[in-house]
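J.: sequence plus predicted model, see below.
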Amino acid sequence: MSEIHTSILVDYEFVGEWHVFSSKDLPGLYVAHPDPAIAFNDVPVAIEKLIELNQKAKVKAKVEASLDEFLSWVTEKAAPMDLVARHRYSAQRFALLAA
């Protein structure tokens, strides 16, 4: 089992028809897709690639919440999203493990 070295906070917001993930902890991270599951699942891949390219380090990124938890949370917030073109929610934490 890999040891957790750190984690980063990834912000989530709903913009128009897009589910958008970005992070102040990792400049350059920007994942967006109309399908929330696709966007959510692409975030760890994007984190790993950005760190590999920018820091020359191999890490394994792992979200601390499950896809089902995230989708349930998005579904609960669907009504306000229909009324507002841009709505910022909270953030998801992604653990970084040595690869």
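T.: Arrived safely, thanks for sending. Numbers count the residues shown, from 1 in each chain.
J.: run the chain-centre distance for the helix ranked longest in the chain.
T.: In the chain, with assignment by DSSP state H, the single longest helix is helix 36-55. When distances are taken as Cα atoms, centre = their mean, to the nearest Å, helix 36-55 is centred 8 Å away from the chain's centroid.
J.: which positions within it qualify as buried?
T.: 36, 39-40, 43-44, 46-48, 50-51 (16 or more other Cβ atoms under 10 Å). Backbone N, C-alpha and C define where each C-beta goes, glycine included.
J.: now do that helix: which elements does it pack against?
T.: Packing partners of helix 36-55 (3 or more Cβ pairs under 8 Å, 6 or more residues apart in numbering; DSSP states H and E): strand 4-15, strand 18-22, strand 30-33, strand 59-63, helix 67-76, strand 86-98.
J.: give me the angle between it and strand 59-63.
T.: In terms of direction (axes from the mean of the first three to the mean of the last three Cα atoms, to 10 degrees), helix 36-55 departs from strand 59-63 by 150 degrees.
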